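# the following block contains a protein sequence and its predicted model.
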Amino acid sequence: LTEHSMMAGSDFIKTSTGKETVNATFPVAIVMLRAIRDFFWKTGNKVGFKPTGGIRSAKDSLVWLSLIKEELGDEWMKPELFRIGASTLLADIERQIYHHVTGRYAAYRDLPMS
């Protein structure tokens, strides 16, 4: 299915809709990333990747960034080719920045996105 999507001209492929019980997993992502890489080698066309669902913390997102860099390289480390689909991630990033600036974690009432 991944290869068919890319051959049909998809700009991105994603791990799931984010609404399933099992979402973005590393074993499935590695298979998908290698399919993207193989497709690029065969055609010269770059297809983006979007892991979706289950990515809730800034630490989780760093693992995904590392995976993209290792499997696809620096060229995919930009929004045109890599996005994370995780609505709860934004709140955690905001919370981590707040902690970095103030030295304490914010209460939920302190941040509008929480």
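The structure has been received and is ready for your questions. Not measured: the values here are computed from a predicted model.
# who touches the residue nearest the centre of the chain in this structure?
The C-alpha lying nearest the average C-alpha coordinate of the chain belongs to residue 84 (Cα atoms, centre = their mean; 3.0 Å). Neighbouring residues of residue 84 by Cβ atoms under 8 Å, 6 or more residues apart in numbering: 50-52, 55, 61, 64. Every residue, glycine included, has its C-beta placed from N, CA and C.
# name the element residue 32 belongs to?
Per DSSP states H and E: residue 32 is located in helix 26-43.
# please write out the alpha-carbon positions of that helix in PDB.
The C-alpha coordinates for helix 26-43 follow below in PDB (Å, rounded to 0.1, in the frame of the first residue of the first chain):
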ATOM      1  CA  PHE A  26       8.900   2.000  15.200                       C
ATOM      2  CA  PRO A  27       8.900  -1.400  13.400                       C
ATOM      3  CA  VAL A  28       6.200  -0.200  11.000                       C
ATOM      4  CA  ALA A  29       7.900   3.200  10.600                       C
ATOM      5  CA  ILE A  30      11.200   1.600   9.700                       C
ATOM      6  CA  VAL A  31       9.600  -0.400   6.900                       C
ATOM      7  CA  MET A  32       7.800   2.700   5.600                       C
ATOM      8  CA  LEU A  33      10.900   4.800   5.800                       C
ATOM      9  CA  ARG A  34      12.900   2.300   3.900                       C
ATOM     10  CA  ALA A  35      10.200   2.100   1.200                       C
ATOM     11  CA  ILE A  36      10.400   5.900   0.900                       C
ATOM     12  CA  ARG A  37      14.200   5.700   0.600                       C
ATOM     13  CA  ASP A  38      13.900   2.900  -2.100                       C
ATOM     14  CA  PHE A  39      11.300   4.900  -4.000                       C
ATOM     15  CA  PHE A  40      13.600   7.900  -4.000                       C
ATOM     16  CA  TRP A  41      16.500   5.900  -5.200                       C
ATOM     17  CA  LYS A  42      14.400   4.400  -8.000                       C
ATOM     18  CA  THR A  43      12.600   7.500  -9.100                       C
END
